[in-house]
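Asker: sequence and predicted structure below; questions after.
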Amino acid sequence: MPNPMYEALFAPNLDNDAPFLILPEDSALTHKAFLRMASRFAHALHDAGLRPGDRLAAQVDKSPEALAVYAACVMSGVVFLPLNTGYTPHEVSYFISNSGAQLVIGRADSREELHGDCDQLGVRYETLEADGSGSFADMADDQPEHFEPADRSEDDLAALLYTSGTTGLSKGAMLSQGNLLSNTVVLKDYWRFSAEDVLIHALPIFHTHGLFVATNIMLLSGGAMIYLPRFDLDAVLDALPTATAMMGVPTFYTRLLDSPTFTRERCEGMRLFVSGSAPLLPETHKAFEARTGHRILERYGMTETNMNTSNPYDGDRRAGTVGLPLPGVDLKIADPDTGVPVKAGKVGMIEVRGPNVFQGYWRMPDKTAEELRADGFFITGDLGVQSDDGYVTIVGRSKDLIISGGFNVYPVDVEQALDEQPGVLESAVIGAPHPDLGESVVAVLVPEPGAKLDVLEIEAEIGGKLARFKQPRHYVIVPELPRNSMGKVQKKLLRQTYEGVFQA
Ligand code: MCA
Ligand code: AMP
């Protein structure tokens, strides 16, 4: 039966004995073995009653099994909803109820906290641990190693990825098989991936970067991934001599540069370093070239759109730019109000259209209509300029967003949690430059008249509600927030005032 992702990514590898996942301690899982595991998982999903179009939420540590859950969803037509392992049960409950997931796969230690919510919503909870064990793995134990793929078209949903918004309500971006596959096909060729490649995979697998960009490209090309549980500097340094490529967020590159053992010799077998998810500083690009002789290839994407632009493989990789629109992607720099293109060289809203652009937000037609124009252009919220020869430079964001080590933090989420704390009259959350994470979170708090705020208490309190990466790393207490004549908090002024708080 037709299933475009299965046919392109899995079918050619069903009997492929070459390694797919190279694991610590010199073990490896071949493409064939990985797909057999995924087939057993797909049978387990089917036995659990999941049918094409149903949703499965997974909050699991990175492991081969965790990746096989994704592949099993593609095989069986189940919509995959990966969740950041840092999310608190409070955050996860929202995703489960909003998505209407039929099954949650998570760690045993989260089961207790989510149990009540799952019971109330009638959702089944199965476990999968970092070592691949758990009740879900047990369900798949004796299943057949071939799964007849579910009938799916390019327009059918493959994944639901939640992205927060400036309104504080997380929205599920609906990504179809066609959205994911079209991007994978383009990127594989653009970046010249082949079965000879060995990619260092140190990214998490719950976001577009590590899940779709890295994994789908390696499935399509039949290559291998040195599959690390997380970015561990020593493990990455050890992996470099046997690898050909790496994908990472800028923090990966600054951490490598901070290590004296990161040398040109170590990178001799490497052909490509890709950076994305957050701005790569031109000085990092230059320092990297000086140290290794490699020019990092920077690209730009979003959860809603997959990858939109990339610096060229052969041509000029320009530091500080995100390169050229990818083949098949229409990109315009437009007036934010009208969508009409601005004059060349002028700053405007980046809008994109193409087979990579998502289907809209899950059960939120109004939000979809606000960001996706009727003619198919998606309003990214990123401000940019385009040079005469087509290179795009991102110069800012119209959305209130902080990107910390490649993770997005929407200030409104954090402000809501802070405003609920006793004694807090109001708060403003901003990003400040951070030497390791690019940007990090600063909270500016205003106490209620006569109240004395205890930052340690506030930290402890919001710790139970907000994922660690969203929690402020610096607090300031002020008598009032600066406002403009319209009464709006002047975040730009706050960012200027506190821009040095993380500098040594
Ligand atoms: C971990 N922590 C963080 C972050 N990561 N805090 C703020 N920002 C972060 N990014 C917390 C940990 O929970 C820990 O908490 C403390 O910070 C110290 O962690 P550390 O050991 O330094 O962090 P790490 O585990 O080494 O992780 C840093 C990291 C990681 C390697 C930069 O965050 C990472 O892999 N980021 C990649 C994110 C990514 O894949 N983004 C793509 C999404 P405690 O202090 O309590 O111990 S965007 C996307 O997909 C779009 C489409 C695109 O364009 O690609
Ligand atoms: P997300 O929605 O989590 O996928 O985050 C997407 C956002 O990350 C984009 O809208 C950009 O603001 C930012 N982003 C991704 N890649 C880059 C890049 N290379 N340079 C600057 N910002 C980037």
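Answerer: Structure received. Ligands and ions are numbered 1, 2, ... in the order given.
Asker: in the protein, what residue is nearest ligand 1?
Answerer: The chain approaches ligand 1 most closely through G405 (2.5 Å), counting by C-beta to the nearest ligand atom. The C-beta positions use only the backbone N, C-alpha and C, and glycine is treated the same way.
Asker: which residues touch the spatially most central residue of the chain?
Answerer: Among the residues of the chain, the one closest to the centroid is H207, at 2.8 Å (C-alpha atoms, centre = their mean). H207 is in contact with P82, N84, L161, S277, T303, G406, counting by C-beta atoms under 8 Å, 6 or more residues apart in numbering.
Asker: considering only those, which also neighbour ligand 2?
Answerer: S277, T303 (C-beta under 6 Å from any ligand atom).
Asker: which of the contacts of H207 are buried?
Answerer: Neighbour counting with 16 or more other C-beta atoms under 10 Å marks P82, N84, L161, S277, T303, G406 as buried within the contacts of H207.
Asker: who in the protein is up against ligand 2?
Answerer: 163, 208, 276-279, 298, 300-303, 322, 380-382, 394, 397, 403, 408.
Asker: repeat the analysis, applying 5 Å as the threshold.
Answerer: Within the chain, the positions near ligand 2 by C-beta under 5 Å from any ligand atom are T163, G276, S277, P279, Y300, M302, T303, V322, D382, I394, N408.
Asker: got the contact list for the second one?
Answerer: Same thing as G276. Contacts of G276 (C-beta under 8 Å, 6+ apart): H209, V213, M247, V249, E298, R299, Y300, G301, M307.
Asker: I'd like to know which of the residues you listed is nearest to D454.
Answerer: Using C-beta to C-beta, V249 is the member of the contacts of G276 that sits closest to D454, with 34.0 Å.
Asker: so what's the closest one up against?
Answerer: L203, H209, S275, G276, S277, A278, G405, G406, G438.
Asker: start and end of stretch 102-116, how far apart?
Answerer: 15 Å (C-alpha to C-alpha, to the nearest Å).
Asker: could you pull up the mean pLDDT of it?
Answerer: The average of the pLDDT scores along stretch 102-116 is 87.
Asker: buried residues, that stretch. List them.
Answerer: Result for stretch 102-116 [16+ other C-beta under 10 Å]: buried residues Q102, L103, V104, I105, G106, R107, S110, R111, L114.
Asker: dump the residues you listed to JSON lines, plus distance to D419.
Answerer: What follows is the buried residues of stretch 102-116, written out as JSON lines (distance: C-beta to C-beta, whole Å):
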{"residue": "Q102", "distance to D419": "35"}
{"residue": "L103", "distance to D419": "35"}
{"residue": "V104", "distance to D419": "30"}
{"residue": "I105", "distance to D419": "34"}
{"residue": "G106", "distance to D419": "29"}
{"residue": "R107", "distance to D419": "31"}
{"residue": "S110", "distance to D419": "27"}
{"residue": "R111", "distance to D419": "31"}
{"residue": "L114", "distance to D419": "26"}
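Asker: nearest to G339, of these?
Answerer: Q102 (38.2 Å).
Asker: measure how buried the spatially closest residue to V340 that is not a sequence neighbour is and give me the count.
Answerer: Of all residues not flanking V340 in the chain, A334 sits nearest, at 6.1 Å (C-beta to C-beta, 6 or more residues apart in numbering). Other residues near A334 come to 18 when the count uses other C-beta atoms under 10 Å.
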